[in-house]
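J.: Build me a model:
(one chain, ligands or ions: 2)
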Amino acid sequence: MTTTHGFPAATILGYPRIGPRRELKKALEAHWAGRLDEDGLLFEARKVQDRTVRRLVQLGLDAADSSIPADFALYDQVLDTTAALGALPARFADLAAEDGSVGTAAYFTLARGDGQRPPLELTKWFDTNYHYLVPEIGPETTFVAAAHQLAGIIRRQKDRGAVLRPVLVGPVTYLLLAKAEAGAPAGFDPLSRIDDAVAAYAGILAELAEAGAAWVQLDEPGLVTDRGGALAAPGGLVERVYRQLASVPVAAGPQANGRPALLVTTGYGTAGDPARPGQALAVLAAAGVEAVHADLVRGTLPSAEALAALGGTRLVAGVVDGRNVWRNHLPASLDALEDLQAQSGAAVSVGTSTSLLHVPHDVAAETALPAHLPAWLAFADQKVREVVALSRGLAGGRPLIAAELRRAEAALRHRAGFDGVTVPAVRTRTGALAEEDFTRGPADRRAGLQQERLGLPVLPTTTIGSFPQTGEVRRARAAVRSGGISQAEYEQFLRAEITRVVRLQEELGLDVLVHGEAERNDMVQYFAENFDGFAATGQGWVQSYGSRCTRPSILWGDVSRPQAFTVPWTSFAQSLTDRPLKGMLTGPVTILAWSFVRDDQPLAETANQVALALRDEIADLEAAGTAIVQVDEPALRELLPLRAADQPAYLDWSVRAFRLATAGAAEQTQIHTHLCYSEFGEVIAAIDGLDADVTSIEAARSRLEVVADLAYFGFSRGIGPGVYDIHSPRVPSEQEIAGLITAALAGIPSRQLWINPDCGLKTRGYAETVDSLRHLVAAASTVRKAVAVSAAGPTA
Ligand SMILES: Nc1nc2c(c(=O)[nH]1)N[C@@H](CNc1ccc(C(=O)N[C@@H](CCC(=O)N[C@@H](CCC(=O)N[C@@H](CCC(=O)O)C(=O)O)C(=O)O)C(=O)O)cc1)CN2
Ligand SMILES: [Zn+2]
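T.: Ligands and ions are numbered 1, 2, ... in the order given. Sure thing, here's the model as predicted:
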């Protein structure tokens with residue numbers, strides 16, 4: 001399959017790392033729990049690597065021609081790059097070995113902290129549900145060439161007969177994703193360290209060439225953002241960086257004193273200036289890079305002019321979607337590839353739009369999907385086959401893959417005409433929506449009516465919804481799935497669990513209670529399982545961060561809600577207590593963000609269908625007497641387009657979908673929402689636009705920075721900035737929480753302020769949860785007294 005420049009005709013940017021049966025997840029968690037030593041962990045990790053190489057060869061990639069990426073991060077690929085560069089923040093400086101390299105134990109300390117030192121911060125990888133560890137770069141950060149782990153993998157695979165292509169985050173994206181290390185001078189920009197970083201990358205390239213790598217893949221998705229895109233203009237930073245890296249001659253092997261050939265990838269959008277598609281690729285080509293990749297699913301086709309400018313540089317055309325699970329329309333992809341080939345003059349390889357990290361392993365592992373669905377789908381393994389087929393068709397002509405083209409065409413035709421894909425009743429309903437369906441009465445009038453109904457104290461305390469999902473809860477769910485216990489026994493178990501959680505909250509003295517969400521495997525999957533138009537997978541695990549995975553559901557058809565499903569649990573919980581208890585739903589945007597969504601209609605249309613399904617559930621909760629309903633939107637910020645120009649349209653439809661879900665509620669019904677996993681300062685106007693009566697926001701880690709943004713904006717509704725960081729087992733003291741509440745009161749009037757944790761408690765254990773909530777309630781009570789005194793002060 002090797003052609004000019006020695007680059008393979010078919011490749012993928014990356015492959016799921018967690019293993020088809022989550023082998024790596026299990027090994028990691030056993031290692032962290034002390035049940036598996038480091039050698040045992042690395043042994044398991046190598047097994048997953050070897051299996052990946054074997055499987056990819058089976059699927060049609062070539063083990064000897066660099067078409068298989070060495071993309072084997074134990075925790076996160078950005079952390080791998082931090083480790084290869086030895087770029088440790090000062091608080092972890094002692095973890096580096098003498099040559100600056102980072103061993104396995106140190107690697108996990110960076111990822112997870114060690115009790116005294118907080119770990120690197122986790123944040124969203126572009127607009128996905130994958131989270132990376134944020135590099136912390138200061139004026140003094142050292143950069144070394146210490147890609148020993150990666151070089152070791154390349155050597156070991158070479159001994160086994162495979163020449164793999166090592167993958168690193170490229171230098172520009174690495175520094176764009178970094179934040180300034182604490183203590184750096186105000187305004188310090190990590191990108192100002194680019195020359196030092198590039199020198200280290202050059203050393204890493206030499207190290208990898210010596211280990212036997214013929215090609216190295218540098219991922220530069222940062223170039224598809226506004227900031228990174230501007231750097232890719234002709235004569236800009238990107239050109240300078242790659243000119244420098246490419247200035248060393250290509251030569252692989254021990255003592256070759258050269259570098260591997262370079263593939264620079266640009267997934268998740270259009271690199272460079274979106275008005276000049278392909279220009280950034282031409283810039284990279286001019287700098288001397290041997291191959292460039294374009295995302296042709298999210299990104300735009302390069303212009304003819306840009307293609308002509310590629311010269312001898314190979315184009316890897318990312319036509320197979322790395323982020324969704326729909327079977328590729330192979331005939332259309334082949335048309336696009338043939339056009340590209342004709343226009344560029346240079347050679348075109350076939351690839352994926354991004355790494356396949358975002359999709360599950362294999363459709364064939366699914367045994368319980370509805371019968372019509374498997375033929376419409378492509379998970380990672382099927383996508384590899386698509387890439388290989390397209391590359392054969394491109395090189396050898398259509399007749400060579402006639403059968404594949406026919407099957408793809410037939411599957412897509414079947415999908416387009418299938419019953420549940422277009423449900424007239426659903427269409428009629430969305431077609432008849434009017435402006436009033438998106439609007440409630442004035443917020444201040446609602447607030448008055450709600451307070452009359454609820455009679456809450458000032459600074460009311462509540463939690464975000466879930467209580468710890470203990471092993472017992474998960475085991476009960478696994479048991480009912482496998483038939484070990486009956487449905488009735490499972491429900492009995494859940495009622496006992498709910499009763500315990502309600503009693504605990506009463507004992508703690510919380511003002512607004514929750515039922516604890518014990519019946520939910522995941523806050524999105526649970527809803528998908530109860531809506532029509534969705535399917536859930538059995539083995540479709542996708543890495544979210546570190547060892548944590550989710551099974552995104554597949555939204556394949558028109559969505560509706562056949563019957564109430566949260567009402568029985570909420571009503572049962574409410575029947576146990578006189579305090580108000582929140583109904584708990586996941587919002588439309590988050591349901592879309594964390595599922596694989598149909599690609600045959602605009603997201604906005606699908607969002608309205610999901611919103612109406614939720615609206616029906618809210619109506620049933622109200623009918624059952626529920627006074628407060630929370631509709632979580634933790635992923636509102638996640639789907640925000642990477643380019644500022646695309647953001648207003650997104651914020652418009654996403655906010656409207658939330659309003660459609662909630663605006664049917666009576667004015668006396670208090671609507672809450674919850675947001676987390678992001679900085680929210682920049683979308684406060686949209687949060688205000690949600691028109692929820694009360695909004696809880698993650699804030700504890702940033703010491704309530706969001707309060708200043710809220711005050712500046714003049715946010716006028718109920719607001720609960722988190723005062724307890726639930727992402728760590730640490731128990732905050734009463735004084736610490738009281739301090740945060742007092743700080744919040746500096747920007748938020750007491751009548752608006754709610755007291756709550758940052759997020760749900762499902763990942764925590766009971767011991768720390770109970771102590772922390774005790775401190776939270778006590779702190780609220782102390783500050784409440786102070787507020788009452790000062791309010792009474794002047795007039796008394
Ligand atoms: N969808 C989604 N995306 C999200 C979040 C989220 O909560 N949901 N939170 C943010 C952070 N991401 C996260 C992602 C996953 C987890 C997480 O805890 N995942 C669990 C799985 C949760 C789950 O689906 N559990 C199922 C299945 C659990 C399971 O593995 N069961 C065993 C058997 C049970 C046993 O014996 O323990 C099996 O099937 O093999 C259940 O409870 O029913 C894990 O990786 O371990 C946490 C945060 C952002 N994105
Ligand atoms: Zn949350």
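
J.: any idea how far the nearest residue to Phe565 once chain neighbours are set aside is from ligand 1?
T.: Using Cβ to Cβ, 6 or more residues apart in numbering and skipping the chain neighbours, the partner closest in space to Phe565 is Asn530 (4.2 Å). Using the backbone N, CA and C atoms, a C-beta is placed for each residue, glycine as well. Distance of Asn530 to ligand 1, given as Cβ to the nearest ligand atom, to the nearest Å: 14 Å.

J.: Can you list phi and psi of the residue lying closest to Gly222 once chain neighbours are set aside for me?
T.: Excluding its sequence neighbours, the residue lying closest to Gly222 (Cβ to Cβ, 6+ apart) is Thr173, at 3.3 Å. Backbone torsions of Thr173, given as degrees, to the nearest 10, read phi -60, psi -40.

J.: my guess is Thr173 meets Glu220, correct?
T.: Yes. With contacts counted by Cβ atoms under 8 Å, Thr173 reaches Glu220, the gap being 4.9 Å.

J.: of those two, who's got more company?
T.: Higher neighbour count among Thr173 and Glu220: Glu220, with 29 against 25, using other Cβ atoms under 10 Å.

J.: Could you pull up the residues touching the more buried one?
T.: If you count contacts by Cβ atoms under 8 Å, 6 or more residues apart in numbering, Glu220 has them with 170, 172-173, 228, 238, 264-266, 271.

J.: What is the nearest of the residues you listed to ligand 1?
T.: For the contacts of Glu220, the residue nearest ligand 1 by Cβ to the nearest ligand atom is Thr173; the value is 21.7 Å.

J.: got a pLDDT number for the closest one?
T.: At Thr173, the predicted lDDT confidence score is 98.

J.: measure it to Ile194 for me?
T.: Using Cβ to Cβ, to the nearest Å, we find Thr173 at a distance of 11 Å from Ile194.

J.: Same question for Ala536.
T.: Taking Cβ to Cβ, one finds Ala536 at 45 Å from Ile194.

J.: Quick check: next helix or strand after the strand or helix carrying Glu386?
T.: Assigned by DSSP states H and E, Glu386 falls within helix 380-396. Sequence order places helix 402-417 as the next helix or strand after helix 380-396, per DSSP H and E.

J.: give me the residue from the stretch 451-600 of the chain nearest ligand 2.
T.: Among the residues of the stretch 451-600 of the chain, Ile464 lies nearest to ligand 2; the distance is 5.8 Å by Cβ to the ion.

J.: dump the residue contacts of that residue.
T.: Ile464 touches 514, 630, 632, 674, 696, 756-761, counting by Cβ under 8 Å, 6+ apart.

J.: what do you get for Gly664?
T.: 437, 615, 618-619.

J.: tell me the pLDDT at it?
T.: 98.

J.: what does the one 3 residues further on give?
T.: According to the prediction, Glu667 has pLDDT 98.

J.: Might one say that it is in contact with Ala447?
T.: No. The pair Glu667 / Ala447 is not scored as a contact, 9.4 Å apart, by Cβ under 8 Å.

J.: coming back round to it: show me which of the contacts of Gly664 are buried.
T.: 437, 615, 618 (16 or more other Cβ atoms under 10 Å).

J.: Look up how far Ala306 lies from Thr313.
T.: Distance from Thr313 to Ala306, by Cβ to Cβ: 11 Å.

J.: Now do the shared contacts for these two.
T.: Leu281.

J.: Among the buried ones among the contacts of Gly664, which one lies nearest to Glu121?
T.: Ile618 (34.9 Å; Cβ to Cβ).

J.: residue boundaries of the strands in the stretch 451-600 of the chain?
T.: 532-535, 542-545, 548-550, 554-560, 582-586, 596-597 (DSSP state E, counting those that start in this stretch).
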